[in-house]
Structure formats: C-alpha cells, structure tokens
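K.L.:
What shape does this take:
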Amino acid sequence: MHTTLHYITRGHTMSKGKQATINIRLDEETAKAFKDIVERDGYTQSLVLREFIKKYIKRNGQGALDL
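P.N.:
As a prediction, this is how the structure comes out:
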C-alpha cells in the first residue's frame, strides 16, 4: 500500500509568482517515519521537502534561480 503526500507551496517563505503542487508516493512505513521525525524536530513535511528541493536545484545545475 502507498500513501500519497501532497505538498503545496504557499505563504511568505515562497518565491514570488505562481504556486505549484507536487504529489509523491511513499510506502506507509516511510511516510510515517518521515512525518514523525520532522514533527519531532519541530518542522513540517512541506518545509523540509521545499528546502531539500531548493538545495538540490542549486547543487545540480540551476543555481541561478532566485530561490
């Protein structure tokens, strides 16, 4: 069984412009572990994934984007 997580970019931490949604599929065990860890650390799943994506983009070729 898979859990679908929805991440919506919104709020003042986002860059200016339109917002986008990314849907990912994870097995339930992985989804629960991720949720538990980020909540334990005082973050949201969306925030952690947004930061990961920004760093990934900068590190892998689109560093000129205004993130």
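
K.L.:
what about the chain, any weak spots by pLDDT?
P.N.:
1-16, 63-67 (pLDDT under 70).

K.L.:
Give me the buried positions along the longest helix seen in the chain.
P.N.:
Identified as the longest helix of the chain according to DSSP state H is helix 45-59. Using 16 or more other C-beta atoms under 10 Å as the test for burial, helix 45-59 gives 45-46, 49-50. In short, each C-beta sits where N, CA and C put it, glycine included.

K.L.:
Tell me the secondary structure at R25.
P.N.:
Using DSSP: H, G, I helix; E, B strand; the rest coil, the structure places R25 in strand.

K.L.:
same thing with K18?
P.N.:
Each residue gets one of three states, and K18 gets coil by three-state DSSP.

K.L.:
Quick check: phi and psi on I22?
P.N.:
For I22, the backbone dihedrals are phi -120, psi 130 (criterion: degrees, to the nearest 10).
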